[in-house]
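J.: sequence-free structure coming up:
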């Protein structure tokens, strides 16, 4: 605290904070612009997320513990839906199909994307045409693609029947009607549209690897496989790991191709968790039970993310 003399000569205390008022006002304006104004711009999208994501998520937790048809009042039953869920054979069958689907999509499309991106890397003439032609199936609507493939796989008038007429037999069979082949067949159709997307992402990541590394490896006598193993894979590891993470999550959410092609048949051979949830909610009118299954799927996706977080904390370069 300081002081100054008034007209009568008396000492009047003066706060040092009053002297610094212009400076304080300046920093208050800076703080407002840096901390408050950005949140004002983000606030609308936050409110939308609360309304369409957080709100329904909290509601699903509540309805998972109720007996509810989706219409009218819900009856509280506690954890009975989860007890039923873990004793339901159809749930375990769908979960097993999801694991098979996950195994197929963590290997075949990832391998195809890596190989295609590696082969397209040195291509200069017509590179855009090749990339566009391989990526184009990804932008087609899934319902249209699935409908076309359902006609192509028809044993009476599809590709197999045409080849049989030309003397090439063995493919004129109902791949979508056989319990042994239906899931791999749907995965083939889904992979046809999906692997070009992975290829494009891997190719974009490979283009960021310094060319000097490849030149040095060639001078040391490295072949194409050694360059791919020791330079390309480590160089695109963040993209590769991220897409493995996303593919793992997407594998538990897959729905459209399976529903359009078979609706989970025959005899539940292609039924996955998402199809089971849809049937429970909209066919059997058991929205409470469907909420319990949906919440379980969310926990499985969270478990996958948690595994990657733990590996990252332990020093894995992912």
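T.: Thanks, I have the structure now. Everything quoted here is computed from the prediction, not taken from an experiment. Numbering: from 1, shown residues only.

J.: how many neighbours does the closest residue to residue 158 other than its chain neighbours have?
T.: What sits nearest to residue 158 in space, not counting adjacent residues and going by CB to CB, 6 or more residues apart in numbering, is residue 152, at 4.9 Å. C-betas here are computed from N, CA, C, even on glycine. By other CB atoms under 10 Å, the residues close to residue 152 number 13.

J.: didn't residue 152 look like it was pressed against residue 162?
T.: No: using CB atoms under 8 Å, residue 152 is not in contact with residue 162; the gap is 9.6 Å.

J.: And the strands in the stretch 1-150 of the chain?
T.: Here the stretch 1-150 of the chain has its strands, by DSSP state E, counting those that start in this stretch, at 2-5, 11-14, 66-67, 75-76.

J.: Going along the chain, name the helices of the stretch 1-150 of the chain.
T.: For the stretch 1-150 of the chain, applying DSSP state H, counting those that start in this stretch gives helices covering 16-19, 21-31, 37-49, 55-63, 80-85, 89-105, 108-120, 127-139, 142-152.

J.: So what's the gap between whatever helix or strand comes next after the last one and the chain middle?
T.: Heading C-terminal from helix 142-152, the first helix or strand you meet, by DSSP states H and E, is helix 159-165. Computed by CA atoms, centre = their mean, to the nearest Å, the chain-centroid distance of helix 159-165 equals 37 Å.

J.: With stretch 165-178 instead?
T.: Distance, stretch centre to chain centre, for stretch 165-178: 34 Å (CA atoms, centre = their mean).

J.: Residue 208 is nearest to which of the helices of the stretch 1-150 of the chain?
T.: helix 108-120 (12.3 Å; CB to CB).

J.: and the angle from that closest one to helix 127-139?
T.: 160 degrees (axes from the mean of the first three to the mean of the last three CA atoms, to 10 degrees).

J.: and helix 108-120, which residues are buried?
T.: Buried residues in helix 108-120, counted by 16 or more other CB atoms under 10 Å: 108-110, 112-114, 116-118, 120.

J.: and which of these is nearest to residue 260?
T.: For the buried residues of helix 108-120, the nearest to residue 260 is residue 109 (19.3 Å; CB to CB).

J.: Check the gap between that closest one and residue 136 for me.
T.: 16 Å (CB to CB, to the nearest Å).

J.: again, but for residue 155
T.: Counting by CB to CB, the gap from residue 155 to residue 136 is 28 Å.

J.: Those two: who's more crowded?
T.: Neighbours were tallied for residue 155 and for residue 136 using other CB under 10 Å; the higher tally belongs to residue 155 (16 against 11).

J.: Check the closest residue to the more buried one other than its chain neighbours and give its pLDDT.
T.: Of all residues not flanking residue 155 in the chain, residue 174 sits nearest, at 4.8 Å (CB to CB, 6+ apart). On pLDDT, residue 174 comes in at 88.

J.: and what of residue 17?
T.: 45.

J.: Repeat that for residue 200.
T.: Reported pLDDT for residue 200: 92.

J.: show me where the stretch 151-300 of the chain has strands.
T.: Under DSSP E, counting those that start in this stretch, the stretch 151-300 of the chain gives no strands.

J.: Which parts of it are helices?
T.: With DSSP H, counting those that start in this stretch, the ranges of helices along the stretch 151-300 of the chain come out as 159-165, 182-206, 211-219, 224-227, 233-235, 237-253, 256-261, 273-278, 287-313.

J.: Report the helix or strand with the lowest average pLDDT across this protein.
T.: Every helix and strand in the chain was compared by mean pLDDT, DSSP states H and E; the lowest is helix 16-19, with a mean of 46.

J.: The nearest residue to residue 187 once chain neighbours are set aside - how many residues pack around it?
T.: Nearest residue to residue 187 in three dimensions, chain neighbours excluded: residue 104, at 4.8 Å (CB to CB, 6+ apart). Applying other CB under 10 Å, we find 18 residues neighbouring residue 104.

J.: Around the residue nearest to residue 263 when sequence neighbours are not counted, how many other residues sit close by?
T.: Spatial nearest neighbour of residue 263, chain neighbours left out: residue 275 (7.1 Å); criterion: CB to CB, 6+ apart. A count of neighbours around residue 275, defined by other CB under 10 Å, yields 21.

J.: which residues does residue 275 contact?
T.: By CB atoms under 8 Å, 6 or more residues apart in numbering, residue 275 lies in contact with 94, 255, 258-259, 263-264.

J.: Buried subset of these as a PyMOL selection?
T.: Buried residues among the contacts of residue 275 (16+ other CB under 10 Å), as a PyMOL selection:
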select buried, resi 94+258+259+264
